[in-house]
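> no sequence on this one, just coordinates:
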């Protein structure tokens, strides 16, 4: 869709980026969700790029902390605030920049960019991953995309640039963090059962876990509150519902979660 | 020391940086060593900064991968190649840049910089940590510093900018990595005893470890080769020497080190 109403005033992405943004730097967010026993990621279908999909991303204002820019991306794409967000890796290879792709996107929007257009320069990107409650996120495309959808992490569409690698690195970082800190609850609704939590761990880690060991280890963290409610409707004996307890979590975090030396 | 021989051709740091380097980006290296049972870091005494010390750092050429730039810093400051080097965090706060400090450094070298001088802009920095064999490194100052010395991590001199925070983050990253992967041997000479390895772990982790558990866990990694040699000269029974076995290490890495879920 050609946008002929673009003006210098209204579209900094096309014209004024070099004045507004920290040069040569983008942020990309891997936004994880969990639904139907699948690990999901939120992707944007980029306009004018042959049906390529991309991670939600953005740029960093000259007077903005990098982390704030990541928060802004997350908030803009999901409508959610106060989200678990972690920086995980800077992608700094020369060859990751794709001038031709950016040129196409600009031309698709009616701009024939000069060689020194800010979007045609080399970009490094800093990756953040976020864990959101799938049921609460409201996916919204940005100004460079036609759609914003959840995809099964293990069944992704064609991705642009090095975004497949960024996704893989994010999963590794999530797995490592899960071994250090019980952060999985961020992906679940407020109340959940132990089997649901175990399924989430198994999906992220890509392996099955022993039920009893899982429950023992998870309860040993001391961060879950068992409610006087059960999940009804299943074929099995109805399991108890749990709720994550923030106060206990902060206490446990200070003392250091077990594991390791 | 005022350098009156600086010319545009010979000193890109002072003049041509905006043409040579990726804008607004630096790399900082936390180079760890181990000596006299102390965790050491290599620091530079910066010229014209009131005796401030700094992490070895540098800039990234426009056609250079960010990681290569980090390798280059490491090689230039220690003379060592093929070093264990890991990216750990991007420091992206607006307020971390220190225009006045950079202005002083430039003035100290006889340059009265224009407001849009490239070194007076905002810089983000990507932190790498390296583990080196203290006995093999040959510390060398760079063109902005008067000295390059090892310091005890727990007894540091006054540091410039946010370098104290970068050091702290690097230690956290090293501790986490040590729980995931037995990388400590990088800090030791080729041959070492189990008590020496344990002391290294205790120093990094900041706590004492049980001798038998340590030995059991360390040997279980299957990456150490016990030699038919003992360390002599100590008061106790002479302990065996071990050597790190690279082939076993790669095998263990593929299979995943134990620990975690």
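Arrived safely. Here the structure is a predicted model, which means the values were calculated and not measured.
> going by C-alpha atoms from here, please, whenever you check contacts or count neighbours.
Will do.
> residue nearest the middle of chain A, spatially speaking?
residue A:31 (1.6 Å; C-alpha atoms, centre = their mean).
> list the contacts of residue A:175.
A:204, A:205 (C-alpha atoms under 8 Å, 6 or more residues apart in numbering or on different chains).
> so what's the gap between the helix or strand hosting it and the chain middle?
In this structure, residue A:175 is located in helix A:163-180 according to DSSP states H and E. Here helix A:163-180 is found 11 Å from its chain centre; the criterion is C-alpha atoms, centre = their mean, to the nearest Å.
> per-residue confidence averaged over whichever helix or strand comes after it?
Next in sequence after helix A:163-180, counting helices and strands by DSSP H and E, comes strand A:191-193. Averaged across strand A:191-193, the pLDDT comes to 93.
> so what strands line up beside strand A:191-193?
Its sheet considered, strand A:191-193 pairs with strand A:240-244 (antiparallel) by DSSP bridges.
> got the contact list for the strand it pairs with?
A:185, A:190-194, A:223-231.
> check stretch A:209-228 too.
So stretch A:209-228 is contacted by A:182, A:194, A:198, A:202, A:240-246, A:248-249, A:252, A:257-258, B:261 (C-alpha under 8 Å, 6+ apart).
> in it, what's buried?
A:214, A:218, A:221, A:223, A:224, A:226 (16 or more other C-alpha atoms under 10 Å in any protein chain shown).
> I'd assumed residue B:67 was in contact with residue A:94.
No: when contacts are counted by C-alpha atoms under 8 Å, residue A:94 is not listed as touching residue B:67 (10.3 Å).
> the two - which one has more neighbours?
residue B:67 (20 against 16; other C-alpha atoms under 10 Å in any protein chain shown).
> give me the nearest residue to residue A:70, chain neighbours excluded.
residue A:27 (6.2 Å; C-alpha to C-alpha, 6 or more residues apart in numbering or on different chains).
> partner strands of the host helix or strand of the one you found and their direction?
For residue A:27, the element it lies in under DSSP H and E is strand A:21-35. If you go by DSSP bridges, strand A:21-35 pairs up with strand A:38-46 (antiparallel), strand A:57-61 (antiparallel), strand A:124-131 (parallel).
> ok, back up a step: so which of the buried residues of stretch A:209-228 are in strands?
A:224, A:226 (DSSP state E).
> what's the closest of the buried residues of stretch A:209-228 to chain B?
residue A:214 (8.5 Å; C-alpha to the nearest C-alpha).
> ok, now how distant is the closest one from residue A:237?
The spacing between residue A:214 and residue A:237, counted by C-alpha to C-alpha, to the nearest Å, is 19 Å.
> ok, back up a step: okay, buried residues for the helix holding residue A:175 please.
A:163-164, A:166-167, A:169-171, A:173-180.
> what does stretch A:156-164 give?
In stretch A:156-164, residues buried by neighbour count (16+ other C-alpha under 10 Å) are A:157, A:159, A:160, A:161, A:163, A:164.
> and if you look at stretch A:71-83?
In stretch A:71-83, counting by 16+ other C-alpha under 10 Å, buried: A:71, A:72, A:73, A:74, A:75, A:76, A:77, A:78, A:80.
> take the residues you listed and write them to TSV, including pLDDT, distance to residue B:122 and secondary structure.
Converted to TSV, those look like this (pLDDT from 0 to 100; distance: C-alpha to C-alpha, whole Å; DSSP: H, G, I helix; E, B strand; the rest coil):
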residue	pLDDT	distance to residue B:122	secondary structure
A:71	97	20	helix
A:72	96	20	helix
A:73	96	21	helix
A:74	96	24	helix
A:75	96	25	helix
A:76	95	25	helix
A:77	95	27	helix
A:78	96	30	helix
A:80	94	30	coil
